[in-house]
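[1] Task: produce atomic coordinates for the following.
(one chain, ligands or ions: 1)
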Amino acid sequence: MSMGAGAHRGCAPALLGVEQRAREESVEVQVREMVQGYGRRRILDGVTFTLDEGITALLGPNGAGKSTLMRTLVTDLAPRGGEVLIDGRPVDTRSGRHAARERIGYLPQNFGFDARFRVVEYVEYLAWLRGIPASQRPAAADAAIAAVGLSNQSRMTMGSLSGGMRQRAGIAGAIVGSPQLLVLDEPTVGLDPSQRAEFRRVLTSLPTSRILLSTHLTDDVEAVAQHVIVLAQGQIAHQGPTAELIDTYGSVDAGYLALVDVGDPAGQGVVTP
Ligand SMILES: Nc1ncnc2c1ncn2[C@@H]1O[C@H](COP(=O)(O)OP(=O)(O)OP(=O)(O)O)[C@@H](O)[C@H]1O
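    I've put the predicted structure just below:
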């Protein structure tokens with residue numbers, strides 16, 4: 001079975017140059033005893049991990065807090081306790097947040113866009129949001145669009161794209177300007193099998209140093225992720241190489257079921273392996 005064997009290989013030619021930087025630069029991501037919640041409700045309770053190089057899949061039951069963890073990592077939510085460090089700098093300081101945002105590309109679960117935007121306009125808009133200078137935006141957008149294989153569709157409006165193409169446009173927006181860390185929240189939801197295969201191809205060809213990907217699809221994990229993090233009961237129930245999980249349990253699916261009581265909708269029923 002291939003576990004991201006193609007990762008970081010076969011980079012699209014358009015990535016060379018501006019995006020070569022991402023391959024050369026790396027980013028350190030450390031989360032220590034992080035606490036997060038909404039109102040009085042605690043969702044994450046002492047989450048600790050370091051993100052390894054390559055693609056890491058984030059698994060967990062519905063409501064376990066995967067999106068909440070990702071939003072905290074990308075500085076959308078300030079941690080309530082503990083630390084999130086990007087290259088050693090806490091993201092809850094003004095300068096740390098600013099530095100982190102320059103290094104992070106983020107695709108939220110239901111990303112918003114104006115359906116009338118052309119693909120190139122959408123990606124250039126995200127380049128502007130990320131503070132890329134005006135003179136560099138067209139080249140950065142073209143490179144990102146080429147990397148996801150949408151160059152021929154770059155003048156199409158977002159509203160006229162198929163679901164798979166729209167996801168790829170979302171990824172182009174997330175990778176514009178060559179972030180070293182890419183955070184993708186359930187990017188394969190709603191894609192058909194061939195669109196998912198195409199998505200995996202794009203993902204494994206990116207030069208991004210670290211990718212964190214949440215998904216419910218364990219075959220996606222086996223296909224692209226070298227590492228797995230399982231979130232349950234507000235904490236990390238498991239972290240390690242995908243190969244190790246498969247060696248121990250026979251498959252990612254079996255490992256996940258052994259680590260997490262998926263019958264518990266609140267994700268509160270982790271079983272110690
Ligand atoms: N903005 C919010 N305000 C209040 N509660 C929230 C908010 N966002 C999420 N929650 C709650 O926090 C818990 C964790 O949600 P989160 O979306 O992080 O889980 P998840 O693991 O990503 O779930 P899923 O797999 O269904 O996407 C859920 O109970 C959810 O209802």
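
[2] ranges for the helices of the stretch 151-273 of the chain?
    Shown for the stretch 151-273 of the chain, the helices assigned by DSSP state H, counting those that start in this stretch span residues 163-175, 193-205, 218-224, 242-249, 252-259.

[3] Need the three-state assignment for Thr48.
    strand (DSSP: H, G, I helix; E, B strand; the rest coil).

[4] Against Thr72, how distant is it?
    Between Thr48 and Thr72 the distance is 13 Å, computed by CB to CB, to the nearest Å. Quick note: C-beta positions are derived from backbone N, CA and C, even for glycine.

[5] Could you tell me which residues touch both of those two?
    Taking CB atoms under 8 Å, 6 or more residues apart in numbering as the contact rule, the neighbours common to Thr48 and Thr72 are Met34.

[6] neighbour count winner among the two?
    Neighbour comparison, Thr48 and Thr72: the larger count goes to Thr72, with 25 against 14 (by other CB atoms under 10 Å).

[7] hang on, the more buried one packs against Pro79?
    Yes - contact between Thr72 and Pro79 holds when scored by CB atoms under 8 Å: they sit 5.5 Å apart.

[8] Any chance you could list residues touching both of those two?
    A shared contact of Thr72 and Pro79, defined by CB under 8 Å, 6+ apart, is any residue touching both; here these are Met34, Gln36.

[9] Low-confidence ranges, the stretch 151-273 of the chain, go.
    For the stretch 151-273 of the chain, the stretches with pLDDT under 70 are 261-273.

[10] if we go to 80?
    Low-confidence segments of the stretch 151-273 of the chain (pLDDT under 80): 190-191, 207, 261-273.
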